[in-house]
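In: Show me how the following folds:
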Amino acid sequence: MLRNVAVRVPSEAWDNASCCEGWSAKQVAGHISWGMETVANIAQGGGFAAEMDEAERAGDDPTATIVAAVDGAIAALDQPGALQQATPEAFGGMPFDAFLSIMSNDAMTHAWDIADAVGIEPGIDEATAAAALDSMKPMEAMLRAPGRFDAALDSDSSSAIDQFIAFTGRTSVRA
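Out: You can find the predicted model right below:
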């Protein structure tokens, strides 16, 4: 989904403001690329990807950066033993597959952020949003830690997508 959104972003739209306070779509791209690079590093027995400014990580071609990060994570996860790696202590030593669930939901959330910022469809289906929401609810306390998701918003929508986005504390910049 993230890759699919990135390849549809018009190059001139990466500087659009996102719903992530103070971040453009390009900065969101850099942040989630860091996340995908971290997945690849952990799958290969390493730790977190190197820290750097989000816009700098996204570079001159955020689409290419996201595509490379997603493709790199997939390739790393496809190697023997990748799923048996330990997660960083920041995630409490949880099993790697639980960490991957969090990162998958994070990628979907940031795909929505980018799509919303640039005015394209995020490509999230109801079943995927419902499954993501169900997997996130039991981890809500951890997800609300500083630097992660904002407080959940109320949603009276019957759409699983709207409920998922509200749970992540997002409000469309297009509203």
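
In: what helix or strand is the residue sitting nearest the centre point of the chain on?
Out: Relative to the mean C-alpha position of the chain, the nearest C-alpha, by CA atoms, centre = their mean, is the one of residue 107, at 2.4 Å. Following DSSP states H and E, the helix or strand that holds residue 107 is helix 96-118.

In: Only the C-alpha atoms, please, for that helix, written as PDB.
Out: In PDB, the C-alpha atoms belonging to helix 96-118 read as follows (Å, rounded to 0.1, in the frame of the first residue of the first chain):
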ATOM      1  CA  PHE A  96       9.700 -10.000  15.600                       C
ATOM      2  CA  ASP A  97       6.400 -10.900  14.000                       C
ATOM      3  CA  ALA A  98       4.600  -8.600  16.500                       C
ATOM      4  CA  PHE A  99       7.000  -5.800  15.600                       C
ATOM      5  CA  LEU A 100       6.300  -6.400  11.900                       C
ATOM      6  CA  SER A 101       2.600  -6.100  12.700                       C
ATOM      7  CA  ILE A 102       3.200  -2.700  14.300                       C
ATOM      8  CA  MET A 103       5.400  -1.600  11.400                       C
ATOM      9  CA  SER A 104       2.800  -2.800   8.800                       C
ATOM     10  CA  ASN A 105       0.100  -0.700  10.500                       C
ATOM     11  CA  ASP A 106       2.500   2.200  10.700                       C
ATOM     12  CA  ALA A 107       3.200   1.900   7.000                       C
ATOM     13  CA  MET A 108      -0.500   1.900   6.300                       C
ATOM     14  CA  THR A 109      -1.000   4.900   8.500                       C
ATOM     15  CA  HIS A 110       1.700   6.900   6.800                       C
ATOM     16  CA  ALA A 111       0.500   5.800   3.400                       C
ATOM     17  CA  TRP A 112      -2.800   7.400   4.400                       C
ATOM     18  CA  ASP A 113      -1.000  10.600   5.700                       C
ATOM     19  CA  ILE A 114       0.800  11.000   2.300                       C
ATOM     20  CA  ALA A 115      -2.300  10.200   0.300                       C
ATOM     21  CA  ASP A 116      -4.300  12.700   2.300                       C
ATOM     22  CA  ALA A 117      -1.600  15.400   2.000                       C
ATOM     23  CA  VAL A 118      -1.400  15.100  -1.800                       C
END
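
In: Moving C-terminal from it, which element do we reach first?
Out: Secondary structure here is assigned by DSSP H and E; on that basis, the next helix or strand after helix 96-118 toward the C-terminus is helix 126-136.

In: Perfect, that will be all.
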